Every structure is written in structure tokens, then in C-alpha cells.
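Participant: This is a predicted model, with the sequence first.
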Amino acid sequence: MKIALTSLFVDDQRAALAFYTEVLGFTKRHDIPLGDDFWLTVVSPDSPDGPELLLEPSGHPAVKPYRDALVEDGIPLAQFSVDDIEAEHARLTGKGVVFTQPPTDIGTAVVAVFDDTCGNLIQLIEMKAPDQRADAR
Amino acid sequence: MVDVFRALDDETRRLVLDELSARDGQTLFEICSVLTMRHGLSLTRQAISQHLGVLESAGLVVTERRGRSKFHYFNPEPLAEITGRWPTRKRTEQ
């Protein structure tokens, strides 16, 4: 069994597509009209056949209270891995992305959290090489 | 002042203040991940939230909403009351 697709609720699918492709740098995979909405997915250019992220409409009434409560406590709904978190933090901040948590060393990794402008918080993670971990010193 | 001493009489709450004084303005999620990963504490998010409530009612932590998230800040003023009442000074020999 493999994880082929996971989803995030987004407030506006077109705005979400712009953010996830133009700002974050993902690639559009599917964009299929479904009634008033779209089956809209993106993939990482590093793994075009890898897991897809479905940018799902947030119209269901359960979505708002669920996300409001998580965002209030700063809880991210997805995690993307990067090679250089400081560079990504600088690049995204330069594009106006707001971080609720700047790059933070947590021992085995460095993590940060940003607002995806579509209603979600997203965590970035840069895993440390084993010899760079605080617990290895 | 009773609330302040009660709030400080707990290692987890003292660690929360350590972490906030090192980097002020953290979400509940960030405080939880730092306590788990840096200090090896395996507390539930709910337990940490209750600790933050104790610190907040003692005035040692204040919260502020920025955007849609809530951030926690260390407020040292109640501690200044302690040193104001019992100032540090050198012992004078009689």
C-alpha cells in the first residue's frame, strides 16, 4: 500500500492553485471540472509521479470550525520537506508569506510553520544529517 | 503574588517560561513541539494548554492574536514585584 493522494481544504481553488504553484513551486497535475468545483491536484516537481496533494473546496460547514481551532493553536495540516529551510524561509518571506513559527531547531530537524493564505498552516521540515543532530554530539 | 509562586512551582511551567524568554511569541503548537523535542516531555497538548492557563492567570504569560493564530508572550512584570518586595542586596556585616 502507498499513499497516493492527500488533501487540504482551500478557501478558493484558483487562488490556491496560484499559491501552490507560483509561490511554493509545485506543479499542477489534475484540474478537472466537477460541478462548480474542480478535482485539482498538485505534485512536487522533484517527484512528479509521487503523492498528489488535492486542493479541495472548503464549502462543507464542518471545515471552518475545524480549521479555525487548529490555526488558532498554530497546528499545521501538512508537512513539506525541504533541503534548506533557512533559504526557503527567506525566499517565501520575500514573497510575502507569513510564518507563525520561524525556523526552529528541534534536535533531529529544523522546522517552521507558515500560513498558506488558503486557510491552512503548513510545516516545513529540513531533516538533519545524523552527525549534525544535537543528540549525536 | 500567591498566583505567581503557585505558577512557578512546577518544572514544566518554568520550562515554558525559559522557552518563551528565549523566543517570545509562540503558538501552542510550537510550545508543545519544543517541550517534546528539546526537553523530552511527553505531555498532551491539553495538559500544556492547562499549564499555559495557570501562567496566564498569574500574569506571567500574555496572549495576543495575530492573524488567525494565538501567540504566547512572557511577561516578567510579576517577577519584578518579587524583587521589589525583597530586593537583592549584599549582606552587611554587623
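Facilitator: Thanks, I have the structure now.

Participant: give me phi/psi at the residue of chain A found nearest chain B?
Facilitator: Distances from chain A to chain B, computed as Cβ to the nearest Cβ, single out A:G74 as the nearest residue at 2.3 Å. C-beta: built from backbone N, CA, C; applies to glycine. Phi and psi for A:G74, reported as degrees, to the nearest 10, are phi 80, psi 20.

Participant: before we move on, what about B:G67?
Facilitator: For B:G67, the backbone dihedrals are phi 60, psi -130 (criterion: degrees, to the nearest 10).

Participant: can you pull the pLDDT of it?
Facilitator: Looking at B:G67, its pLDDT stands at 91.

Participant: how close does it sit to chain A?
Facilitator: For B:G67, the distance to chain A equals 7 Å [Cβ to the nearest Cβ, to the nearest Å].

Participant: distance of that residue from B:T27?
Facilitator: 11 Å (Cβ to Cβ, to the nearest Å).

Participant: Now do the shared contacts for those two.
Facilitator: Taking Cβ atoms under 8 Å, 6 or more residues apart in numbering or on different chains as the contact rule, B:G67 and B:T27 both touch A:T100.

Participant: the more surrounded of the two?
Facilitator: Comparing B:G67 with B:T27 by other Cβ atoms under 10 Å in any protein chain shown, the one with more neighbours is B:T27, at 24 against 10.

Participant: got a list of what the closest residue to the more buried one other than its chain neighbours touches?
Facilitator: In space, not counting the residues next to it along the chain, B:T27 is nearest to A:G74; the distance is 2.3 Å by Cβ to Cβ, 6 or more residues apart in numbering or on different chains. When the contact criterion is Cβ under 8 Å, 6+ apart, the partners of A:G74 are A:T100, A:Q101, A:V113, A:L121, B:Q26, B:T27, B:L28, B:F29, B:E30, B:S69, B:K70.

Participant: before we move on, what about A:P103?
Facilitator: With contact set as Cβ under 8 Å, 6+ apart, A:P103 has these partners: A:I85, A:E86, A:H89, A:V110, A:V111, A:A112, A:L124, A:E126.

Participant: give me the number of residues near the fifth one?
Facilitator: Spelled out, it's A:V111. Around A:V111 sit 23 other residues, with neighbours defined as other Cβ under 10 Å.

Participant: That one contacts A:Q123, correct?
Facilitator: Yes. Contact criterion Cβ atoms under 8 Å: A:V111 and A:Q123 qualify, at 5.8 Å.

Participant: Mind listing what's buried along the host helix or strand of B:A7?
Facilitator: In this structure, B:A7 sits in helix B:2-8 according to DSSP states H and E. Within helix B:2-8, the residues that count as buried by 16 or more other Cβ atoms under 10 Å in any protein chain shown are B:V4, B:A7, B:L8.
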